[in-house]
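[1] everything below, folded, please.
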Amino acid sequence: MRDFPALAAADVLRELSRAKEAVMGFGLDQSEQLGVAELMTRHQLLLLGGDVPDAARLDPERHQRSTSAT
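    Predicted coordinates for the structure are as follows:
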């Protein structure tokens, strides 16, 4: 929580809980779970705090589709 002072403790705990559930669901070895959960949690908290833009939603591109098949 020290790394994300602008976020509420409840947000940090929620993201930690989500990451824990996710890594357990991946079937990772216990030795890998902590590092992966930390990475997932930090990324989500950076998104939540606005420190990293959500690139997937940043500028979606519309593709023009042809109405006639050739």
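[2] please count neighbours and contacts with C-alpha atoms only from this point.
    Will do.
[3] tell me the confidence at Leu58?
    Leu58 is assigned a predicted lDDT (pLDDT) of 53.
[4] heads up, I number from 3, so please use that
    I'll keep to 3 as the first residue from here, and by that count the last item is Leu60.
[5] what's around Glu23, how many residues?
    Residues contacting Glu23 under the criterion other C-alpha atoms under 10 Å number 12.
[6] so how far is Ala8 from it?
    25 Å (C-alpha to C-alpha, to the nearest Å).
[7] swap in Phe28?
    30 Å.
[8] and Ser68, by the same measure?
    Ser68 is 47 Å from Ala8, by C-alpha to C-alpha.
[9] residue contacts, Leu48?
    Neighbouring residues of Leu48 by C-alpha atoms under 8 Å, 6 or more residues apart in numbering: Val54.
[10] in three-state terms, label it for me.
    helix (DSSP: H, G, I helix; E, B strand; the rest coil).
[11] ditto for Arg67
    Arg67 is classified as coil under three-state DSSP.
[12] grab the nearest non-local neighbour of Glu17.
    Leaving aside its sequence neighbours, Glu17 sits nearest to Thr43 (C-alpha to C-alpha, 6 or more residues apart in numbering; 5.6 Å).
[13] done for today, thanks.
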